[in-house]
Each structure stands twice: as structure tokens, then as C-alpha cells.
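Participant: fold the stuff below for me.
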Amino acid sequence: MRYQSTRGGVSGLSFKEAVFMGLADDGGLLLPEKIPALAQSDIEALENLTYPELAFQIISRFAPDIPSSDLKDLIDRSYASFSHPEITPVVHRNGVYILELFHGPTLAFKDVALQFLGNLFEYLLRERGQKMNILGATSGDTGSAAIYGVRGKENINIFILHPQGKVSAVQERQMTTVPDSNVFNLAVQGTFDDAQAIVKDIFGDLELKRSLSLGAVNSINWARVLAQIVYYFYAWGRVRGETGCEKVCFSVPTGNFGDIFAGYMAKRMGLPVQKLILASNENNILTRFVNEGDYSLAGVVNTLSPSMDIQVASNFERYLFFLYGEDGRRVKDAMERFRKEGRLTFTSEELARVRADFLSHSAGREETLNTILDFHKDTGYVLDPHTAVGVRAGRELGGSEWPTICLATAHPAKFADAVREATGSDPERPSSLEGIEDRARRCETIPADIQAVRAYLEKHAC
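Facilitator: Presented below is the predicted three-dimensional model:
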């Protein structure tokens, strides 16, 4: 198993090399040179495995350079921190299957990948006798999940940028109240897209990247996407076991295209997915792409689902690579054009292929609030606003022929204001959040300027 860049300038990397590189040295994103294909009998054999057992069966196909015993240990330790014995349980409510991805330390789906990635980084750094400075940008959940994945670990400092005042209060507190000395929080005076652009530009400076031993935890790192593929297989197996249906639909709330791209990869591996439903909020560049062929920038709108308040979807480039027939030169030209012009166009044939893979629906504020309220009235189940966007899209587009699995990406207590506005009451608060408002904060405000961030990194890098 070797890895290549979406832009064609890097190839032949091992899994370990791909994890360390993060963003490819040519500015692209890394992907396997060949996707493992599973026969239906192979997939059915995975159906009844526990989550750690399944994770090993999937991840080992992409990481042959890690000894099996070491990989099993990494996986077991990563998911020992989850509060539910199934790790990502599936619950059935009123015709909707909900894949709960919020039982990790920070109550968000990012924990599934970042607990694994944190342990993987520590393992590889110890093996190499090296240090690493992790740099990432977050629209809310990635930051806290990444921090909890590496807090207190040897040979790692982590620097997380978040848009000042544009994440939920709980998200902000989860990031900034971690006391470990290897954790650095930067509140950027701008949007998530500003922060993400700074991170990409810094990783594009290869000399700086090497001198500071920079590593990536954003979903630009292939290991993030890889770990998320697992729960698509897990959910399919649980729903198939209950319904007997061979195929399912997945409804995925997404802003950065990473979570739904993991589902796309699962489908390419052979998982019987009828449709992937891409659910967006008012920041609907991805919905416009699927439904209208319009991938063009617009202003970022602050919404009830801030983790999806994104216009430039980093992982879209990975899908573009396959849409363009794995032509790295064409991807490179397209991304350069998008950087200059803020838009991409597509042929009718390309859009037909897109719509064979995805359906999409964008839910605004009122749709989101009404979905939280109605679902709670009907089932007693409380949705966070991101999951509500997914449930709404699933109801609009899922149909009745195949079961629809909606990804629950965060615990509702992380977005209590939205739940209170919808239902008139607060969601139940997990014990991990008790007293979080009273904990000491560690955070510095910084302008949305690459030179300011660079100077901070150089001063505090390990």
C-alpha cells in the first residue's frame, strides 16, 4: 500500500510517511494509490465484529507497515477512552437510524479519529526518536478532539487556531481549559476559512514545515479519514443485522467534506451504500455543487451549527481527484484556478457522476430548529443542530426503500443554546462538562495573519 498526492507531485509513500507528511509537499492531499476492494462475502464477515476488531480489519489494509500487534494495541487504547461499550452505537427512532459518534472524550465525532491519531503520532515519534509540532485549524470540534488526543503526550506540542467568537461556548471551553503545557490555543480574529488558509500556507512552506517538524491533525491528514471509514462499515452491519437490508443510505452533516468523503471511500471499497446524502447548513457551497454544479465562494454565515460554517471544503480536493479520473495535473490546475477565481465549473458528464454518488439538501435556521423540536416531540430524543441538519436531509431525500442512517456528530449538550431555543429546555449535560465554565482558560488572541502565527509557532515550538 503506497500513497500519492492529488496533485501528482508526490507518490510512493508508505503509510507512516503519509501520516507524517500530512499535507503533501506539492500542496495536494494524500490518497492510497490503490483502494482495497472487498468482496461482499468479505464485508459480511465483518458484520458482527466489535468496533476495535472491525477497526483493525479496515485500518490494517491501509497501514501494512505497522506490525499487527502494535496496531491492535493502538486501536484498543484509542477506544478505551469512549464511554459507550459499542464506541459508535446505532439507535433506531421513528424510522430513522442514528449513528451516535459522540461518546468520546470531547463528545464529538472527531474523537473517533483523533484518539487514534494522537496515539499513532506518539508511537511513530517514539520509534523515530523525533519531536513534532501539530498545527491545526478548527471550526469547533476538531480543536478540542485533537487537543484531547495529544494532551500530555511526549514529544508533541499542539497549536490550534479557532475563529474568535464563532464557536460554541462549550467548544471554546473544551479547547481552552486543558491545562497541559504542550497545548496552545490561538483565537484568530477572522473566520474558520481564514484560519484554515493560514494553516495550509504554513504547511506549504516546506522549509518551515521541516524546521519546525510540523504535523497535521486536520482532515488533510489521511489517517483522519481512514479512521472514519470504520464507522460506516460498523453502522451498515448493525442496521443490516436488524433489517436484513443489503443496502443503506447515509445522511452526513458536513462542512469540510471529510466525514462524507470517508463514506465515499467505504463505498469504493465495496460497502453497499445506495446513496450518500450530503447535508449542509446555510453555508451551502457543497449543496450548490451537487445540485447545481456551482462550486463558488460566498460569505460565511454564522449559524446554529458552527462546525459546518465553512466555504472552502478541504477534502473536496480528494473527491475531485476521482471525479477527474485520477488526473493530478488537472486537479492542480483546478485548485490554482479556484484560488484565483473562487469558483469551479463542471461538465454535464461530470455532474452526472457526482449525482450518482451524492444527493444533497441544505437546511436553514428554521428547518434546523423545527427538526430538533419535532424529533424531540415524536421520539423524546434530543438532536444537536448539526445532527438535525442531517436528519432533515435524510427525511427529505432518503426515501423508504432503504434504511437511512443519520450521523450524529455531536452531543446536544455542546450546543445547548440551540436546543433550548428549539425545545424550551436544556439538554442533559454529561458529567465531563460539569463545571467547565469555572475552569481556568489558556488562550491567546491573534490576528488572521500568517506572519503573526508563524512567529508564535517559532517561539513556542518544542
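
Participant: longest helix of this structure?
Facilitator: For the chain, the longest helix by residue count, based on DSSP state H, is helix 222-243.

Participant: buried ones in that helix, by neighbour count?
Facilitator: Neighbour counts over helix 222-243 (16 or more other CB atoms under 10 Å) mark 222-240 as buried. Glycine gets a C-beta too; all of them are placed from N, C-alpha and C.

Participant: so residue 144 sits against residue 177, correct?
Facilitator: No: with contacts counted by CB atoms under 8 Å, residue 144 stays clear of residue 177, the gap being 9.6 Å.

Participant: more neighbours, those two?
Facilitator: Between residue 144 and residue 177, residue 144 has the larger neighbour count (other CB atoms under 10 Å), namely 31 against 20.

Participant: quick one: pLDDT of the more buried one?
Facilitator: Reading off the confidence values, residue 144 has pLDDT 88.

Participant: tell me which residues touch it, please.
Facilitator: If a contact means CB atoms under 8 Å, 6 or more residues apart in numbering, then residue 144 has 106, 108, 110, 138, 171, 174, 175 as its contacts.

Participant: pretty sure it belongs to a helix, no?
Facilitator: Yes: counting by DSSP: H, G, I helix; E, B strand; the rest coil, residue 144 is located in a helix.

Participant: which residue, other than its chain neighbours, is closest to it?
Facilitator: Among residues not flanking residue 144 along the chain, residue 174 sits closest, at 3.8 Å (CB to CB, 6 or more residues apart in numbering).

Participant: against residue 355, how distant is the one you found?
Facilitator: 38 Å (CB to CB, to the nearest Å).

Participant: looking at those two, which one has more neighbours?
Facilitator: The residue with the greater number of neighbours, taking residue 174 and residue 355 and applying other CB under 10 Å, is residue 174; the counts read 27 against 14.

Participant: what's the helix or strand for that one?
Facilitator: Residue 174 is located in helix 169-176, with elements delineated by DSSP states H and E.

Participant: and that helix, what's buried?
Facilitator: Counting neighbours by 16+ other CB under 10 Å, helix 169-176 gives 170, 171, 172, 173, 174, 175, 176 as buried.

Participant: and these as CSV, adding distance to residue 60 and pLDDT?
Facilitator: Written out in CSV, the entries for the buried residues of helix 169-176 read as follows (distance: CB to CB, whole Å; pLDDT from 0 to 100):
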residue, distance to residue 60, pLDDT
170, 35, 85
171, 33, 86
172, 37, 91
173, 37, 92
174, 31, 91
175, 32, 92
176, 36, 94
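
Participant: closest to residue 416 out of those?
Facilitator: residue 170 (7.2 Å; CB to CB).

Participant: next, count neighbours for the spatially closest residue to that closest one that is not a sequence neighbour.
Facilitator: Closest residue to residue 170 apart from its sequence neighbours, by CB to CB, 6+ apart: residue 414 at 4.6 Å. Number of residues near residue 414 (other CB under 10 Å) recorded here: 31.

Participant: residues in contact with residue 414?
Facilitator: For residue 414, the residues meeting the contact criterion (CB under 8 Å, 6+ apart) are 107, 108, 141, 168, 170, 171, 384.

Participant: any idea of the pLDDT on it?
Facilitator: The predicted local confidence for residue 414 comes out at a pLDDT of 90.

Participant: now residue 220
Facilitator: Per-residue confidence at residue 220 stands at 83 (pLDDT).

Participant: distance check, the residue nearest to it when sequence neighbours are not counted against residue 29.
Facilitator: In space, and not counting its chain neighbours, residue 220 is closest to residue 23: 5.0 Å by CB to CB, 6+ apart. If you measure residue 23 against residue 29 using CB to CB, the figure is 7 Å.

Participant: shared neighbours of the two, which are they?
Facilitator: The overlap between the contact sets of residue 23 and residue 29 (CB under 8 Å, 6+ apart) consists of residue 220.

Participant: of the two, who's got more company?
Facilitator: Neighbours of residue 23 and residue 29, each counted by other CB under 10 Å, are more numerous for residue 29; the result is 26 against 23.
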